[in-house]
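Engineer: Sequence and predicted structure are below.
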Amino acid sequence: MRSDKMSFSRNKSRFGSQIPRILLLPFLLIGIICGAGKKTYAQNLRSHFKDPQGTARPKVYWWWLNGYTDNKRLKEELIAIKNAGLGGVDIFEIGLPPASDPNSIIPAGPAFMSDQSLQTIKFAVHEAGKLGLEVGFNLASSWNAGGSWVEPKFASKTLYFSKTTLNGSGPGKTKLPFPVITSDRAGKPRPIQYGSDGKPVYREEIAVIAVPTSVQNLADTTSILNITAYFDPKTEILNWKVPQGAWDVYRFICSNSGEQLIRPSEKSAGPIIDHFDSTATEMHLMYFIDKLKPLFGDFSKTALKNLYLASYEAKEFAWTSLLPATFRNLNGYDIYKFLPAVYNPQFFNTQTTEKFNIDFSRTFSELMIRNHYRKAKEISNKYGLKIISESGGPGHLHHIPVETLKALGALDVPRGEYWYNRTFFKADSLIDYIWLVKEIAAASHIYKQGIVEEESFTSYWDWQEGPGDLRVIADRAFCEGMNRLVIHGFPHNPTEMGLPGIAYFAGTHYNDRNTWWPKIKPFNDYLSRISYILQNARFASDVLYYYGDDIPNLVPPKNTVFKVGNGYDYEVLNTEILLRDLIVENGEWVLPGVGRYKVLAIGKDKLIGDEARAKLDRLQKRGGILASDHMLQALNLPPDFAYPDQGKGAIDFIHYDTPRQDFYLLRNTTNQWVSKKCTFRQQNKSPEIWDPVTGTMSRVQIYQQKGKQMELPLTLPPYGSFFVVFTNEPGKAAYTDILSSDPDPPRIHYHNNQTYVLQSGSYDLVKGTVKKTIKAKSLTTEIAGDWKLTFPEKFGVPAHTHTTGLSSWTESNDPEVKYFSGIASYSKTFDLTAPTKGMSTFLDLGNVTEVAEVWLNDKSLGISWSLPHRFDISGIVRNGKNTLRVEVANTWSNRLTGDALTGKKYTKTNIVKANKNLTPWDQVPLKKSGLLGPVYIESLQPIQP
């Protein structure tokens, strides 16, 4: 065995011994000017931050369950999607597992891609186009790629063998039996087509291999014989003079594996395609193009913009016709003599087996990337469409036959996924198997794709989440590089389906049947604002991490397997981009058009090919710093972002930049207020706070330069987040520091270019050598006592009631209130003495579950969906009598539990058990609901410059 193309070794030691001096050179994006007139790129970022459009807006999976649709409701849902601030849909027909619809309330619609199905698709795309919504289209009824139109020659394939033992003294002619088509992994007969001869319709002879009986632990293939030339597949006779001794003769054939679509609608079952065969990919793509093009003509003039290939989750051992030739071309030797080792790894010694497995995996990776993902992109682009796929996943949960970054880079747009409130950890590890964000971001960066899409909020917690819950994981995903959400998902509901309606068994049921949907737009605006900035700036990091040549080679969540150090971030690099693009300039590693990095790191035990190792050695000699250990010493730079007790991980961050601005997205990872003196590696710039919740921007008035870092006091509410933005605009700090008896600063709120201290007390404001003592105080009035509580006229609840104080609806003695789900209204009149002149006044609702919309004196204050539920009411609140109205939406969970406990029929859904069909609704705990308070008015005096 030999390899003419590439050999590999494991990196176990640190590269290099000398560390040249690092030169700090700013990365410049050249020629970025957009918008009308002389408006600069930076000004456009500022002006569009409040209401971003286009790809910044999240999309949804639009589940067409069982293919059953209703045009009237399709149109209504698209309008609801547009009004909610979403940017588009991915049409995704799918079936359900039996446990998700035990009462069979969802009829079977037409077969996927039948004439009736196509007319519905045409209608939906045209209606979306009228609203300016973007449409993607999933290329299967469920997943993987496949359908009823897939002929055996294009369907997924595997390898079968028969074994015949011959002795050297035996006859020269032997009939070799046709291999038995074994059961699938579940022990069931494979659903493949057979001919009249009882053999599979599709079959291909691969090889006949003779192995000395009972051999194992071989170092090479010398004693293994390829005797294919002596076999006549028509007569099935082997005409071979058997050498001395006992021999096991293997006859290998390729035939269909029988793998089917994972969860198709009732009339749409079919085999999956051979994902490693370009002719199968072309057949599959062209089947859709040929069906859709007559409906739409020029796709570029329609709302249909993307085709989608869902994650590859095939489970059987795969084979494809081109594998032997591709294997030889890539590796320089034939695969045939190694075929017995596929089923018995003990044939060869550990070293030989490892080498073969590396070459075998790499061959499959290349076949899938070239023949499936690149081929799909080539065909899609030819017809004016983009291809999107989870080509590198989904994580460690399934067999992944590709080098993930290269596979993701073969697309127009890469997509990953993460789940709400579900972790699937590797034993004794920090790796969350289903958190695929850093990987997708790295691919998008190094392949210059621009968009980092994430299937978001996949969940088993039926109707139990609110937007405040979802924010926590969205912010984590943003801080690993996500810049567009594809929310999983929006189940289509025909008119008769009732409330909360039908749903796919997984996913956050993010549709217009949800209780809080009428108040969801501000949350979608929030997601859009962050996405907009991250799409229009460049990811900034100090270290480039080369992840080697292992296949599969997954990128785990940030700072788990690999970490530079607290306050530093890193980009991930693969071999293709390393060989094609990586250079060294002035002691820095450079990916042109992507970024500059101080150090390149290689993890221990990473597989590295000779070509990659040689280039790294050349670039190291040109001044590039290579380090497996002691990266912080090699960097010789202060952290990009730091704060006291940073090792406890209270604040996460990600850094993006443009030629004139630096954006640090900070997120509080805890459910407590966090106030810290934070330092950023920035010089001679002016800091601002850009709040994605409100879209407002405010100058920071307290900051100071400390060498290469700028320090400013910052406060984040529980699970809160915002951008700290450093601009080249001229600015001057009003103060350099704020001091108190506590080592951490008091809670500070930057708002409308003013600074407020939220904690009463005595503090020293510092400017240079001068201190000024201030006494921060607030005038606080609690709005206590009775409230009028109004419920909608449904579900049997009383139209009006009064509540003494504020408590959860679940504590009511009235069962209809106790189990109420929906929107109820609180109203109250209260007296207030006008605050001192110059003070600002805020309304704080305290705790709310889940979303609140507020009016004061009949003027809308807006919607709040996450702590703090706080509104600026300066100029709206009156001296004397004021009227306050608060509408609160909870989730559907309590009503579903109530119906199960009481036998009432207020709700209708196919989901009769929650949490992945495991928990009957009468066992799902009630969730606190309503306005819980305390509600208070607070007047604050801003710090005077």
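Structural biologist: Arrived safely, thanks for sending.
Engineer: What separation is there between the residue nearest to Phe653 when sequence neighbours are not counted and His655?
Structural biologist: Nearest non-adjacent residue to Phe653, counting by CB to CB, 6 or more residues apart in numbering: Phe641, 4.7 Å away. C-beta: built from backbone N, CA, C; applies to glycine. Separation of Phe641 from His655 (CB to CB, to the nearest Å) stands at 7 Å.
Engineer: Now do the shared contacts for the two.
Structural biologist: Counting by CB atoms under 8 Å, 6 or more residues apart in numbering, the common neighbours of Phe641 and His655 are Tyr664.
Engineer: still on that earlier bit, which strand residues bridge the residue nearest to Phe653?
Structural biologist: In this structure, Phe641 bridges to Phe680 when assessed by DSSP bridges.
Engineer: helices and strands of this structure: which one bottoms out on pLDDT?
Structural biologist: Across the helices and strands of the chain, mean confidence by mean pLDDT, DSSP states H and E is lowest for strand 8-11: a mean of 66.
Engineer: Please name the residues that touch the residue lying farthest from the centre of the chain.
Structural biologist: Of all residues in the chain, Ser169 has its C-alpha farthest from the mean position, at 62.9 Å, by CA atoms, centre = their mean. Going by CB under 8 Å, 6+ apart, Ser169 touches Val242.
Engineer: Could you confirm it falls within a strand?
Structural biologist: No. Assessed with DSSP: H, G, I helix; E, B strand; the rest coil, Ser169 is coil; it does not lie in a strand.
Engineer: and the closest residue to Ala246 other than its chain neighbours, how many residues sit next to it?
Structural biologist: Excluding its sequence neighbours, the residue lying closest to Ala246 (CB to CB, 6+ apart) is Thr213, at 3.9 Å. The number of residues packed near Thr213 is 12, by other CB atoms under 10 Å.
Engineer: could you list every residue that touches Arg878?
Structural biologist: Contact analysis of Arg878 by CB under 8 Å, 6+ apart lists Leu832, Ala834, Asn857.
Engineer: what's the pLDDT at the residue nearest to Phe653?
Structural biologist: The score at Phe641 is 98. That number is its pLDDT.
Engineer: Give me the distance between it and Thr736.
Structural biologist: Using CB to CB, one gets 19 Å for the distance from Phe641 to Thr736.
Engineer: cool, Thr174 as well?
Structural biologist: Distance from Thr174 to Thr736, counting by CB to CB: 91 Å.
Engineer: Please enumerate the strands of the stretch 501-650 of the chain.
Structural biologist: 538-539, 543-546, 570-573, 583-585, 588-591, 595-597, 599-602, 606-609, 626-627, 641-642 (DSSP state E, counting those that start in this stretch).
Engineer: okay if I get those strands as CSV plus distance to Ala108 and mean neighbour count?
Structural biologist: Below are those laid out as CSV (distance: least, CB to CB, whole Å; neighbours: other CB atoms under 10 Å):
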stretch, distance to Ala108, mean neighbour count
strand 538-539, 46, 19
strand 543-546, 49, 24
strand 570-573, 45, 24
strand 583-585, 58, 15
strand 588-591, 51, 22
strand 595-597, 51, 22
strand 599-602, 54, 26
strand 606-609, 48, 20
strand 626-627, 60, 20
strand 641-642, 54, 22
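Engineer: So which bits of whichever helix or strand comes after the least confident helix or strand of the chain are buried?
Structural biologist: For strand 8-11, the following helix or strand on the C-terminal side (DSSP states H and E) is helix 41-48. Of all the residues in helix 41-48, those buried under the rule 16 or more other CB atoms under 10 Å are Tyr41, Ala42, Asn44, Leu45, Arg46, His48.
Engineer: would you list the residues you listed in CSV and tack on pLDDT and distance to Gln944?
Structural biologist: Below are the buried residues of helix 41-48 laid out as CSV (pLDDT from 0 to 100; distance: CB to CB, whole Å):
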residue, pLDDT, distance to Gln944
Tyr41, 79, 35
Ala42, 83, 30
Asn44, 89, 34
Leu45, 93, 31
Arg46, 93, 27
His48, 96, 33
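Engineer: what's the distance between the helix or strand hosting Pro294 and the middle of its chain?
Structural biologist: Taking DSSP H and E as the definition, one finds Pro294 inside helix 278-296. Centre-to-centre, helix 278-296 and its host chain are 28 Å apart (CA atoms, centre = their mean, to the nearest Å).
Engineer: next one: stretch 295-306
Structural biologist: With CA atoms, centre = their mean, you get 26 Å for stretch 295-306.
Engineer: Check stretch 790-804 too.
Structural biologist: On CA atoms, centre = their mean, the centre of stretch 790-804 falls 40 Å from the chain's centre.
Engineer: residues making contact with that stretch?
Structural biologist: Contact partners of stretch 790-804, identified using CB under 8 Å, 6+ apart, comprise 785-789, 814, 816-817, 820-827, 895, 904, 906.
Engineer: can you give me the end-to-end distance of that stretch?
Structural biologist: The first and final residues of stretch 790-804 sit 14 Å from each other (CA to CA, to the nearest Å).
Engineer: what mean pLDDT does that stretch have?
Structural biologist: The model assigns stretch 790-804 a mean pLDDT of 86.
Engineer: Repeat that for stretch 586-596.
Structural biologist: Here the average pLDDT along stretch 586-596 is 97.
Engineer: which residues make contact with it from outside it?
Structural biologist: Counting by CB under 8 Å, 6+ apart, 20-23, 25, 27, 445-446, 448, 538-541, 544, 571, 573, 577, 581-585, 597-600, 619, 623-625 sit against stretch 586-596.
Engineer: Could you find the closest non-adjacent residue to Gly647?
Structural biologist: Spatial nearest neighbour of Gly647, excluding adjacent residues (CB to CB, 6+ apart): Asn566 at 5.9 Å.
Engineer: actually Thr810, not the one I typed
Structural biologist: Leaving aside its chain neighbours, Thr810 sits nearest to Leu926 (4.4 Å; criterion: CB to CB, 6+ apart).
Engineer: For Asn514, see how far away that neighbour is.
Structural biologist: Separation of Leu926 from Asn514 (CB to CB): 18 Å.
Engineer: Leaving out sequence neighbours, find the closest residue to Leu470.
Structural biologist: Per CB to CB, 6+ apart, closest to Leu470 is Phe457, 5.4 Å.
Engineer: Just the element for that neighbour, please.
Structural biologist: Assigned by DSSP H and E, Phe457 belongs to strand 453-458.
Engineer: What is the helix or strand following that strand packed up against?
Structural biologist: Once the chain leaves strand 453-458, the next helix or strand it forms, by DSSP H and E, is helix 467-478. Counting contacts by 3 or more CB pairs under 8 Å, 6 or more residues apart in numbering; DSSP states H and E, helix 467-478 packs against strand 413-419, strand 453-458, helix 521-535, strand 651-657, strand 661-668, strand 721-727.
Engineer: how about these, which one is nearest Asp248?
Structural biologist: With CB to CB as the criterion, Asp248 lies closest to strand 413-419 of these, at 44.4 Å.
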